[in-house]
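A.B. asks: how would this look folded up:
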Amino acid sequence: MKVIISRTELVQLIGTIQGVVSSKPAIPILANILIEAFDGNLIISATDLTVSTRAQTMANVIEEGAITLPAKRFFQLVREMTAQDVEIECTTGEIAYVRGGSSEFRINGIHKSEFPSLPDMSQGQSFTLSGGTFKEMLSKSVFAAAREDSRHVLNGVLMQIEGSTATFVGTDGKRLAKIHTSIEIDTEHKHDYLLPLKACEEIVKMIDEDEALKISLLPDKVGIEVGSTTLVTKLLSGDYPDIERVIPTASEQKFTLHREELMSLLKQIALFTSEKNHSVHFIFNPGELTLTANSSDIGDGKVSMPVDYSGDKFEIAFNPFYFHDILRHCKDETVSFAITNAHNPGLITDSSTANFVIMPMRLSA
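C.D. replies: This next block holds a predicted model:
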């Protein structure tokens with residue numbers, strides 16, 4: 001193999017797939033990336049056996065071939081090189097020479113035959129969606145998903161396909177985000193797909209909002225194609241919780257909140273919560289919302305803002321970081337907030353199809 005490529009384009013190609021490479025690979029080959037030069041293109045692939053990705057770009061292919069190289073070392077080297085073009089040459093299946101300007105480096109690799117092949121999605125049911133829409137669906141749901149929860153089904157996003165609707169759900173048991181969009185697919189298709197957290201985050205990074213993407217579905221995996229990049233992920237197994245019973249369908253109070261003003265107040269008051277108890281009291285009085293927090297180690301804080309609340313005095317406690325996260329993923333100047341009492345979850349909505357649920361915390365004295 002012998003190929004010459006612009007260093008800038010190679011860095012962009014590396015940036016597309018580097019997040020998939022495992023920091024603690026189960027087998028040595030997973031620490032490597034597969035580099036292939038064929039038909040005027042340089043193709044780089046990475047996998048951790050759950051998420052696999054492949055990206056390609058045009059290059060000057062002098063001799064076709066392939067090799068796998070240590071991802072971290074190769075990435076660092078290419079970034080540090082200063083030459084305009086990079087030449088990669090392999091005379092055997094295990095050694096690559098990387099050249100740029102007057103510099104030359106020899107890197108030991110592993111034969112391409114040991115690298116796992118990218119799963120075949122050609123037999124899957126598929127639909128297309130604009131990059132902007134898919135990014136919104138994932139971004140507004142993945143933030144609420146759990147990180148390293150023992151209930152492994154929560155460590156990802158549920159994508160429910162039912163007829164012409166795709167619904168995305170993320171929850172960690174303390175907050176929940178649900179959003180849906182219309183799709184064009186076989187109206188009889190109905191299936192749940194549990195996308196791992198890592199796959200969701202990589203998909204969000206690879207999406208071009210102005211470009212349509214193709215989503216391919218198989219019972220145990222999902223594939224995403226956008227431009228010259230393909231990502232295939234295996235799915236989490238298990239039954240996702242029945243989230244419909246958590247989302248409030250009726251409430252005693254519903255009013256609007258100014259999003260950016262409340263976000264600012266939440267960041268201020270959160271400074272007065274302790275590491276052990278991230279709790280802020282929301283005190284509603286007619287026309288006013290007051291937020292209070294106190295910590296024996298730090299001190300106490302109190303902030304307030306006008307609000308179109310007209311009921312009796314009402315107090316409830318929430319985690320300010322979770323509340324702020326939800327507001328950050330809303331898009332309007334104001335959001336709707338619905339609550340019933342201090343023991344039931346609150347519902348936050350904007351002009352999108354999203355429902356954001358936040359569980360209350362115990363009111364301390």
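A.B. asks: When you work out contacts or count neighbours from here on, use the C-alpha atoms and nothing else.
C.D. replies: OK.
A.B. asks: isn't residue 311 right up against residue 288?
C.D. replies: No: counting by Cα atoms under 8 Å, residue 311 sits too far from residue 288 to count as a contact (10.7 Å).
A.B. asks: Show me which of the two is the more surrounded one.
C.D. replies: Between residue 311 and residue 288, counting by other Cα atoms under 10 Å, residue 288 is the more crowded of the two (15 against 12).
A.B. asks: Output the below-cut-off pLDDT ranges for the chain.
C.D. replies: Within the chain, the segments meeting pLDDT under 70 span 364-365.
A.B. asks: mind giving me the domain ranges of it?
C.D. replies: Per the TED database, the structural domains of the chain span 2-114, 125-244, 249-358.
A.B. asks: Endpoints of the longest one, how far apart?
C.D. replies: By Cα to Cα, to the nearest Å, the extent of domain 125-244 from end to end equals 27 Å.
A.B. asks: Please apply the same query to the last one.
C.D. replies: Using Cα to Cα, the span of domain 249-358 from its first residue to its last is 14 Å.
A.B. asks: so how far is that domain from its chain's centroid?
C.D. replies: The chain centroid and the centroid of domain 249-358 are separated by 25 Å, computed with Cα atoms, centre = their mean, to the nearest Å.
A.B. asks: ok, now the first one?
C.D. replies: The chain centre lies 25 Å from the centre of domain 2-114; the measure is Cα atoms, centre = their mean.
A.B. asks: before we move on, what about the second one?
C.D. replies: Shown here is domain 125-244, whose average C-alpha point lies 9 Å from the average C-alpha point of the whole chain (Cα atoms, centre = their mean).
A.B. asks: my guess is residue 354 meets residue 170, correct?
C.D. replies: No: with contact defined as Cα under 8 Å, residue 354 and residue 170 do not form a contacting pair (11.4 Å).
A.B. asks: neighbour count winner among these two?
C.D. replies: A direct count of neighbours by other Cα under 10 Å for residue 354 and residue 170 places residue 170 higher, at 29 against 22.
A.B. asks: do you know how far the more buried one is from residue 300?
C.D. replies: If you go by Cα to Cα, the gap between residue 170 and residue 300 works out to 33 Å.
A.B. asks: all strands for the stretch 51-200 of the chain, in order.
C.D. replies: All strands of the stretch 51-200 of the chain, identified by DSSP state E, counting those that start in this stretch, fall at 51-58, 60-63, 65-70, 85-90, 95-100, 103-108, 125-130, 156-162, 165-171, 175-182, 190-196.
A.B. asks: Let's have those in TSV, adding distance to residue 204.
C.D. replies: Formatted as TSV, the entries for the strands of the stretch 51-200 of the chain read as follows, by distance: least, Cα to Cα, whole Å:
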stretch	distance to residue 204
strand 51-58	13
strand 60-63	30
strand 65-70	25
strand 85-90	29
strand 95-100	31
strand 103-108	32
strand 125-130	13
strand 156-162	12
strand 165-171	14
strand 175-182	16
strand 190-196	12
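A.B. asks: between those strands, which one is nearest to residue 237?
C.D. replies: Residue 237 lies closest to strand 190-196 among the strands of the stretch 51-200 of the chain, at 7.2 Å (Cα to Cα).
A.B. asks: What strands flank that closest one, and is each parallel or antiparallel?
C.D. replies: With DSSP bridges as the criterion, the sheet partners recorded for strand 190-196 are strand 156-162 (antiparallel).
A.B. asks: which residues touch the partner strand?
C.D. replies: The contact list for strand 156-162 (Cα atoms under 8 Å, 6 or more residues apart in numbering) reads 138, 141-142, 145-146, 166-171, 187-198, 200, 236, 240.
A.B. asks: which among the residues you listed end up buried?
C.D. replies: Among the contacts of strand 156-162, those scoring as buried are 138, 141-142, 145-146, 166-171, 192-198, 200, 236, 240 (criterion: 16 or more other Cα atoms under 10 Å).
A.B. asks: Can you classify the most centrally placed residue in the chain by secondary structure?
C.D. replies: Note on the chain: the residue nearest the mean C-alpha position is residue 201, at 2.7 Å, using Cα atoms, centre = their mean. For residue 201, the reduced secondary structure class is helix; criterion used: DSSP: H, G, I helix; E, B strand; the rest coil.
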